[in-house]
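In: predicted structure and sequence below. I'll ask about it afterward.
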Amino acid sequence: MNRRILLLAATALSLGAGSLAMGQSLPPLEKKDRYKVGFSQMESNNPWRIAETKSFHDTAEACNWDLIATDAAGSAAKQVADVDSMIAQGIDVLFLPPREEKPLIPAVKKARAAGIPTFLVDRSVDPAAAKPGVDFVAFLGSDFIDQGRRVADWTIANFKGDKGVIVQLEGTTGSSPANDRKKGFDDAIAADSRFEIVASQSGDFARDLGRQVMETLLQAHPDVNVVYAHNDEMAIGAIQALELAGRKPGEDVLVVSIDGTRDALQAIIDGKMGVTVESSPFFGPLACEVMNRYANGEEIEHWVQVQDRIFTQDNAAKHIDEAY
Ligand code: AHR
């Protein structure tokens, strides 16, 4: 029996046999000088993902991590295989941004069964199938529903016309930010009868697909005057499509979005975009802090919530140098 299994058994015993039988105890994390840490990135096709991976690499030395970072290249199946490989390599702890809510659940459960404490970062899984405090330690991330709601509230307050014809560019189908950002926005915008969402389609959080989807939707809905994109990359793609079609983003179409990338802040400064609600990718330091608290035996809150700012014409220039 290795040390991890022994520790797991000891923790389960201290919680009582009933807990063990019900599988309620989380794998403990032994205090060590260095940790073998797994970070399973889902893709690296946008500045947000690149900034998140860099944040883990930048944190590694200061947090005494031997970091194993993988890139699933946009495939949930590869992300599951990447986690498998990390388990086989004997990682002490796993940080996982699950690409989609359901396909990564077996990976979470497998890490749990192998006695590896797992922290979901930035995205979560279907709460009906895997739970914090049971299957994984905690979720570290933003309130995506609130992000969508804040974009809708800003749109309601700042849209000048009598009738808002909205096209929504959704993120990756089946991902927690796409599900929640849609819900937050749709529920809040429904409160103002000036607005109608005439189309809502996935652009997979990617700039190029966002541009292509916007080109198609523009043909079907030439009267669109509001574009809500679930992330900045798709918003920038939409701006390109609008300009190609002779439209004037910022003048005849209000473009609103989420993330806070450098290109989005520049588009706000240039008057082409109205707002972006922040969704920070800089998870490395938070991951280090929460992992150390866990290793010290602290009980971790199930949702370690990240607070997000909002960027508009009022403050985009002030913050662009810290953007990615
Ligand atoms: O999970 C967060 C989202 O994923 C970011 O908004 C997006 O840009 C990224 O791909």
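Out: Sure thing, it's come through.
In: which residue ranges of the stretch 201-324 of the chain form helices?
Out: With DSSP state H, counting those that start in this stretch as the criterion, the stretch 201-324 of the chain has helices at 207-220, 232-244, 262-269, 284-295, 316-319.
In: these into a markdown table, with extra columns for mean neighbour count?
Out: Quick note: C-beta positions are derived from backbone N, CA and C, even for glycine. Formatted as a markdown table, the helices of the stretch 201-324 of the chain follow (neighbours: other C-beta atoms under 10 Å):
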| stretch | mean neighbour count |
| --- | --- |
| helix 207-220 | 19 |
| helix 232-244 | 24 |
| helix 262-269 | 21 |
| helix 284-295 | 19 |
| helix 316-319 | 15 |
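In: alongside the ligand, which residues does the stretch 201-324 of the chain contribute?
Out: Contact residues (C-beta under 6 Å from any ligand atom) of the stretch 201-324 of the chain with the ligand: 205, 231, 233, 258-259, 279.
In: which non-adjacent residue is nearest residue 161?
Out: Leaving aside its chain neighbours, residue 161 sits nearest to residue 225 (6.3 Å; criterion: C-beta to C-beta, 6 or more residues apart in numbering).
In: what about that neighbour, distance to the ligand?
Out: Using C-beta to the nearest ligand atom, to the nearest Å, residue 225 is found at 24 Å from the ligand.
In: count of residues packed around that residue?
Out: 17 (other C-beta atoms under 10 Å).
In: and residue 203, by the same measure?
Out: 28.
In: contacts only, for it.
Out: Contacts for residue 203 (C-beta atoms under 8 Å, 6 or more residues apart in numbering) come out as 169-171, 209-210, 212-214, 229-230, 234, 237.
In: closest one of those to residue 127?
Out: Nearest to residue 127 among the contacts of residue 203: residue 171, at 18.3 Å, using C-beta to C-beta.
In: that closest one contacts residue 205, correct?
Out: Yes. Between residue 171 and residue 205 there is a contact at 4.4 Å, judged by C-beta atoms under 8 Å.
In: identify the contacts common to these two.
Out: 177-178, 230-231, 234.
In: between those, which has the most around it?
Out: Going by other C-beta under 10 Å, residue 230 tops the shared contacts of residue 171 and residue 205 with 34 neighbours.
In: doesn't residue 175 make contact with it?
Out: No. Counting by C-beta under 8 Å, residue 230 does not reach residue 175; the two are 9.1 Å apart.
In: give the residues shared as contacts by the two.
Out: residue 205.
In: gap between residue 209 and residue 169?
Out: 9 Å (C-beta to C-beta, to the nearest Å).
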